[in-house]
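> sequence and predicted structure are below.
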Amino acid sequence: MIRRSINNLLNSRHHCNSSILFSSSSSSLKQPIMAENKPKIIIVGAGMAGLTAARTLPSALFDVSVLEAGNRIGGRICTSEFAGARIETGATWIHGIDGSPIHALAERIGALVPDPDLPWELMDGYPHDDISAVREGGRDVDDSVLHRVSTLYKTLKSRAAESPVRRCSMGSYLRSGLQAHLDSLGDGADAELEKSVFAIFEHIERTYTSADELDDLDVLNETEYKEFPGEHVTIPRGYSRLVEWLAAELPAGSVRLGRKVSRIDWSPAGAPVNVHVEDGEVLVADHVIVTVSLGVLKAGGLEFCPALPSEKAGAIGRLGFGVMDKVHVEVDEPLPRVLLAFGRGGSAESVPRWMGRTAGILPIYTGARVVHVWLAGKEAVEMEGLAEEEVVSGVQATIDAFGGGGGRPVRVVGMRRSGWAKDPLFMGSYSYLAVGSSGEDFDAVAEPLPGRFCDSSERPLQILFAGEATQRPYFSTTHGAYLSGIREAERLLQFYRRP
């Protein structure tokens with residue numbers, strides 16, 4: 001239904017009367033939009049949400065400009081090539097293909113067609129059954145232990161999702177479940193090994209959610225967050241192909257790079273919105289769609305005058321926004337797909353602290369000579385602050401500590417890494433439900449201004465908010481960002497129709 005309405009709106013671009021626009025729906029407008037006085041819309045940010053909003057607003061009806069602070073489009077989507085493979089330093093997965101608008105878009109534009117000349121990251125899917133684990137020193141973890149602990153973790157997660165437990169942190173919830181499991185084991189069981197294997201899945205959880213610590217993550221994140229059903233896949237032609245297609249469909253000059261917005265002046269009384277660009281230029285708009293990351297909003301990286309209402313500011317402050325980084329390294333020999341069971345008391349002295357809570361050093365596909373490391377929270381932040389040679393050395397030390405390639409030496413010969421935390425245009429990766437927040441906070445971040453938080457009888461629509469952190473229950477995903485862009489474009493279209 002959503003996809004059909006989008007296509008109808010987009011197709012209306014080519015079927016509008018040259019003087020009174022909005023095609024056959026013009027009779028339902030508050031006022032007919034004349035070609036010479038189209039509403040001026042400024043979109044802040046050229047990521048998935050911003051470009052989708054721009055693409056959904058027909059250029060025949062609106063004068064749309066997208067201001068992007070950086071020197072590229074895509075936001076937290078960034079595909080590149082490294083060591084003969086296509087890799088994603090940002091968004092990676094389509095989280096469920098059945099009904100996913102991202103999967104439908106990728107299919108529509110041919111992005112799912114494999115490239116015969118370039119293999120891509122996780123092209124053989126996420127390993128579920130063929131994965132193993134090793135301990136420091138290269139000792140294999142018995143498959144029965146790995147299976148038992150994996151089943152325990154999945155069971156705990158299913159209980160949290162299907163039967164909401166009392167409000168607590170995910171960390172305390174998982175520790176309680178683990179302790180009950182350990183209490184049930186016989187005297188001959190290796191409890192420390194079970195804890196180490198359980199920690200693998202905790203580390204994976206941190207990268208999934210971007211939470212620094214699982215004690216920061218509310219257990220109700222499991223009930224608030226939704227995925228589309230079906231397989232999870234990556235995009236053969238790269239995630240960036242999607243945003244490039246969206247931008248290519250816009251009128252020439254719509255997207256302006258290197259235009260960092262520093263302040264937005266608005267008024268509950270309904271005066272035009274003034275958008276201050278960092279170089280001193282002030283642009284005037286009828287409406288502004290803000291798509292900057294929750295991290296930027298939390299840090300005050302975009303000023304609002306007057307300030308955001310306290311209810312909205314409170315929601316921004318309560319929600320979690322973490323960092324998840326990837327380090328891609330090229331090795332001279334392929335590595336097997338193994339998870340790393342670090343000792344609970346810490347890793348070997350040769351392994352740096354920031355590598356001590358990664359789940360594994362995994363090839364991007366079976367047999368690849370490019371492997372990746374996923375890091376979350378303070379470990380990711382620490383990695384970002386290191387020189388390249390220190391990162392290479394840290395990954396090499398970890399490979400060596402866990403037995404390398406089954407006894408044969410494996411050397412790191414190249415490296416590529418992300419840096420989402422230190423980038424002032426993002427200040428992190430994606431949102432999560434933090435302890436003390438609620439699903440209603442995502443709705444509050446999405447609330448336009450003026451809106452229900454403002455003392456205004458007219459409530460003229462001035463500032464709209466889009467992005468993954470505004471799309472309950474699809475927060476933290478590209479499809480959430482995509483749907484939020486459509487939502488705000490539709491809000492503007494409805495605004496110009498009669499009540």
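Great, that's in hand.

> from what I see, residue 434 and residue 319 are in contact.
Yes. Residue 434 lies in contact with residue 319 (CB atoms under 8 Å); the separation is 6.0 Å. Using the backbone N, CA and C atoms, a C-beta is placed for each residue, glycine as well.

> contacting residues for residue 292?
44-45, 301-302, 425, 467 (CB atoms under 8 Å, 6 or more residues apart in numbering).

> ok, 7 Å please
44-45, 302 (CB atoms under 7 Å, 6 or more residues apart in numbering).

> ok, those residues vs residue 290, which is closest?
residue 44 (4.9 Å; CB to CB).

> where does the closest one land on pLDDT?
With respect to pLDDT, residue 44 scores 98.

> so how many other residues sit close to it?
By the criterion of other CB atoms under 10 Å, residue 44 has 25 neighbours.

> wait, it sits on residue 67?
Yes. Taking CB atoms under 7 Å as the definition, residue 44 is a contact partner of residue 67 at 5.6 Å.

> what do the two both touch?
Residues touching both residue 44 and residue 67 (CB under 7 Å, 6+ apart) are residue 261.

> hey, where'd the helices end up in the stretch 1-150 of the chain?
With DSSP state H, counting those that start in this stretch, the ranges of helices along the stretch 1-150 of the chain come out as 2-11, 48-56, 101-108, 143-162.

> can you check the stretch 251-400 of the chain too?
For the stretch 251-400 of the chain, the helices defined by DSSP H, counting those that start in this stretch cover 294-298, 310-318, 377-384, 388-401.

> of the ones you listed, which is nearest residue 218?
helix 310-318 (10.1 Å).

> strands of the stretch 101-250 of the chain, start to end?
132-135 (DSSP state E, counting those that start in this stretch).

> show me the shaky parts of it.
Applying pLDDT under 70 to the stretch 101-250 of the chain flags residues 127-129, 163-165.

> if we use 80, what do you get?
For the stretch 101-250 of the chain, applying pLDDT under 80 flags the ranges 126-131, 162-167, 186-189.

> just the endpoints, please. Distance across stretch 207-221?
Chord length of stretch 207-221, first to last residue, is 14 Å (CA to CA, to the nearest Å).

> what's it in contact with?
Stretch 207-221 has contacts (CB under 7 Å, 6+ apart) with 160, 164-165, 167-174, 202, 205-206, 320, 322-324, 374, 376-378, 428-430, 432-435, 437.

> swap in stretch 119-129?
Stretch 119-129 is contacted by residues 85-88, 92, 232, 234, 236, 337, 364-366 when judged by CB under 7 Å, 6+ apart.

> same thing but 10 Å
Outside of stretch 119-129, the residues within contact range by CB atoms under 10 Å, 6 or more residues apart in numbering are 79, 81-82, 84-89, 92-93, 114-115, 130, 147, 150, 231-239, 326, 328, 337-339, 360, 362-368, 370, 372.

> can I get the CA coordinates of it in PDB?
What follows is stretch 119-129 as a C-alpha-only set of coordinates in PDB (Å, rounded to 0.1, in the frame of the first residue of the first chain):
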ATOM      1  CA  PRO A 119      32.300 -10.000  -5.000                       C
ATOM      2  CA  TRP A 120      30.500  -8.300  -2.200                       C
ATOM      3  CA  GLU A 121      30.400  -8.300   1.600                       C
ATOM      4  CA  LEU A 122      28.400 -11.200   3.100                       C
ATOM      5  CA  MET A 123      27.300 -12.300  -0.300                       C
ATOM      6  CA  ASP A 124      26.800 -15.800   1.100                       C
ATOM      7  CA  GLY A 125      24.700 -14.600   4.000                       C
ATOM      8  CA  TYR A 126      25.300 -14.500   7.700                       C
ATOM      9  CA  PRO A 127      26.700 -17.900   8.900                       C
ATOM     10  CA  HIS A 128      24.400 -19.700  11.200                       C
ATOM     11  CA  ASP A 129      25.100 -23.400  11.200                       C
END
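
> tell me which residues of it are tucked away?
119-124, 127 (16 or more other CB atoms under 10 Å).

> same question, stretch 131-139
Neighbour-count burial for stretch 131-139 [16+ other CB under 10 Å]: 133-136.

> which members of these are the farthest-apart pair?
133 and 136 (11.4 Å).

> please enumerate the shared neighbours of those two.
By the contact definition CB under 10 Å, 6+ apart, residue 133 and residue 136 are jointly contacted by 196, 340-341, 402.

> how long is stretch 275-292 end to end?
Stretch 275-292 has its terminal residues 14 Å apart, counting by CA to CA.

> what do you get for stretch 341-354?
Stretch 341-354 has an end-to-end distance of 15 Å (CA to CA).
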